[in-house]
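Enquirer: only the shape, not the letters, is given here:
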């Protein structure tokens, strides 16, 4: 086997060690890790794809890319992942400190297909931690803002303390993006909108016939968001959602992430709603 083939296999089947370069605390249970591997060029991740992150000695979990840092040398880049501590592996990753080592396999899965939105209005809807997988998409759109029509970002969180990327939300609003944030449970200082994120959709300004929507969050939130967008006239084929199932191998080998005819790690996580709708409505799946 050639050295190139061995490297490609290692990225798919064997975790590659990445150094934790920085750890940013976003909320009480959420952190953003910047990972680097200076041994060679990093794999080319596209917005919407995910990696299998390993906490050595504990296990691995699928975590979507939330950013890429270009070091400017034309070779090495840094991967950015925002994750919430909800289980043994994510708790271990949440506690990773600069200088520690995390395993990375990937990239895996389908991407947001940013190019499909060029020349159209863009509606981005995020629920909770779902803003993290959408962040590279938002950055790609704002980097070439003139190529798109109206851009709307609707973000929902449980409480004001759970709102991610506060500084970036403000900057995106300054880049001709209509940003609206809502929370389920406000505190005494919250002056913004209260309610689930779908209640923001009727307020948004976009031309349904020429709109592409990108949605990420809990599955129930995505179902109601898709229904609200359909009610506004957005076609199901132009509503992209990011699915999550029990991904383990990342390459479509083990079948743990099967959702009807889809292997989510290979055929997803990003699919259009016309494919996802009949599958997410079946409880047994």
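Expert: Sure thing, it's come through. None of the values given here were measured: they were computed from a predicted structure.

Enquirer: can we go C-alpha only for contacts and neighbour counts from here?
Expert: Noted.

Enquirer: and residue 116, how many neighbours does it have?
Expert: Residue 116 has 10 neighbours, counted by other C-alpha atoms under 10 Å.

Enquirer: I meant residue 188, not that one.
Expert: Neighbours around residue 188, by other C-alpha under 10 Å: 6.

Enquirer: quick one, phi psi at it?
Expert: phi -70, psi -20 (degrees, to the nearest 10).

Enquirer: okay, it: pLDDT?
Expert: At residue 188, the model reports a pLDDT of 93.

Enquirer: how's this structure carved up into domains?
Expert: Following automatic domain parsing, one finds the domains of the chain at 3-108, 114-280.

Enquirer: show me where the stretch 101-250 of the chain has its strands.
Expert: Taking DSSP state E, counting those that start in this stretch, the strands of the stretch 101-250 of the chain run over residues 101-108, 121-127, 151-157, 178-183, 193-194, 211-216, 239-242.

Enquirer: circling back: among the domains of the chain, show the one with the smallest mean pLDDT.
Expert: Of all the domains of the chain, the minimum mean pLDDT falls on domain 3-108 (a mean of 87).

Enquirer: for the longest strand along the chain, buried residues please.
Expert: In the chain, assigned by DSSP state E, the strand with the most residues is strand 16-25. Neighbour-count burial for strand 16-25, counted by 16 or more other C-alpha atoms under 10 Å, picks out 16, 17, 18, 19, 20, 21, 22, 23.

Enquirer: still on that earlier bit, of the strands of the stretch 101-250 of the chain, which approaches residue 46 most closely?
Expert: For the strands of the stretch 101-250 of the chain, the distance to residue 46 is smallest for strand 101-108, at 8.1 Å, taking C-alpha to C-alpha.

Enquirer: just to revisit the earlier point, closest one of the buried residues of strand 16-25 to residue 222?
Expert: Using C-alpha to C-alpha, residue 23 comes nearest to residue 222 of the buried residues of strand 16-25, at 29.2 Å.

Enquirer: residue contacts, the nearest residue to the closest one once chain neighbours are set aside?
Expert: Nearest in space to residue 23, with sequence neighbours left out and distances taken as C-alpha to C-alpha, 6 or more residues apart in numbering, is residue 33 at 4.8 Å. Residues in contact with residue 33 (C-alpha atoms under 8 Å, 6 or more residues apart in numbering) are 20, 21, 22, 23, 24, 80, 81, 82.

Enquirer: pretty sure residue 111 contacts residue 64?
Expert: No. In this structure, residue 111 is not within contact of residue 64 by C-alpha atoms under 8 Å, at 10.3 Å.

Enquirer: these two - which one has more neighbours?
Expert: Neighbour count, other C-alpha under 10 Å: between residue 111 and residue 64, residue 64 has more, with 27 against 19.

Enquirer: excluding its backbone neighbours, what's nearest that one?
Expert: residue 50 (3.8 Å).

Enquirer: what is the burial count for that neighbour?
Expert: By other C-alpha under 10 Å, 27 other residues sit near residue 50.

Enquirer: what comes up buried for stretch 181-197?
Expert: Going by 16+ other C-alpha under 10 Å, stretch 181-197 has these buried residues: 181, 182, 183, 186, 193, 194, 195, 196, 197.

Enquirer: my bad, should have said stretch 54-69
Expert: Using 16+ other C-alpha under 10 Å as the burial criterion, the residues of stretch 54-69 that qualify are 54, 55, 60, 61, 62, 63, 64, 65, 66, 67, 68.

Enquirer: how about the residues you listed in JSON lines, adding secondary structure and distance to residue 99?
Expert: JSON lines is the format used below for these (DSSP: H, G, I helix; E, B strand; the rest coil; distance: C-alpha to C-alpha, whole Å):
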{"residue": "54", "secondary structure": "strand", "distance to residue 99": "15"}
{"residue": "55", "secondary structure": "strand", "distance to residue 99": "14"}
{"residue": "60", "secondary structure": "strand", "distance to residue 99": "19"}
{"residue": "61", "secondary structure": "strand", "distance to residue 99": "20"}
{"residue": "62", "secondary structure": "strand", "distance to residue 99": "22"}
{"residue": "63", "secondary structure": "strand", "distance to residue 99": "20"}
{"residue": "64", "secondary structure": "strand", "distance to residue 99": "22"}
{"residue": "65", "secondary structure": "coil", "distance to residue 99": "20"}
{"residue": "66", "secondary structure": "coil", "distance to residue 99": "20"}
{"residue": "67", "secondary structure": "strand", "distance to residue 99": "20"}
{"residue": "68", "secondary structure": "strand", "distance to residue 99": "19"}
